[in-house]
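Q: sequence? don't have it. structure:
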């Protein structure tokens, strides 16, 4: 089980009690993400399909990171821009004839 705001954990299953519990095999994260909130914003694009156009990570008072995507006419991701910006942004994606990502070029 994983999440955007919690470290991965390994669980054990007890079939007699039909319950799960943390096995303790993965050490707890040293990063406190309890005040973070993650959300994905879906918007209807120009071609009428729901596509992820913005993904943001924020805490209770401010946005910490966001990723904004632009789509190609084929509905694939044409580019990605990050805020705050980084040397990797904007990224440009290329695809093969089956619309599978073949490369990502960092900004």
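A: Perfect, I can see it now. Note that this is a predicted model, so its numbers are computed, not measured.

Q: Would you agree residue 94 is in contact with residue 100?
A: No: at 10.2 Å, residue 94 does not count as touching residue 100 under the criterion of Cβ atoms under 8 Å. C-beta here means a position set from N, CA and C on the backbone, and glycine is covered the same way.

Q: helices and strands of the chain: which one bottoms out on pLDDT?
A: Taking mean pLDDT, DSSP states H and E as the measure, strand 36-44 is the helix or strand of the chain with the lowest mean score, a mean of 59.

Q: Tell me which stretches of this protein form strands.
A: 11-14, 19-22, 36-44, 50-59, 63-71, 77-83, 91-95, 101-105 (DSSP state E).

Q: right, so of the ones you listed, which gets closest to residue 5?
A: Ranking the strands of the chain by proximity to residue 5 (Cβ to Cβ) places strand 36-44 first, at 4.5 Å.

Q: Residue 74: what's its closest spatial neighbour, skipping adjacent residues?
A: residue 99 (6.3 Å; Cβ to Cβ, 6 or more residues apart in numbering).

Q: which residues sit in contact with the one you found?
A: Under the criterion of Cβ atoms under 8 Å, 6 or more residues apart in numbering, the contact partners of residue 99 comprise 74-76.

Q: Could you do residue 23 as well?
A: When the contact criterion is Cβ under 8 Å, 6+ apart, the partners of residue 23 are 9-12.

Q: Which pLDDT value does the model give the residue nearest to residue 74?
A: At residue 99, the predicted lDDT confidence score is 81.

Q: again with residue 66
A: Reading off the confidence values, residue 66 has pLDDT 77.

Q: count of neighbours near the residue nearest to it when sequence neighbours are not counted?
A: In this structure, residue 66 finds its nearest non-sequential neighbour in residue 56, 4.1 Å apart by Cβ to Cβ, 6+ apart. Residue crowding around residue 56 was assessed by other Cβ atoms under 10 Å; the count is 16.

Q: Then residue 106?
A: 11.

Q: before we move on, the earlier item: so for residue 94 and residue 100, which sits in the more crowded spot?
A: The residue with the greater number of neighbours, taking residue 94 and residue 100 and applying other Cβ under 10 Å, is residue 94; the counts read 11 against 8.
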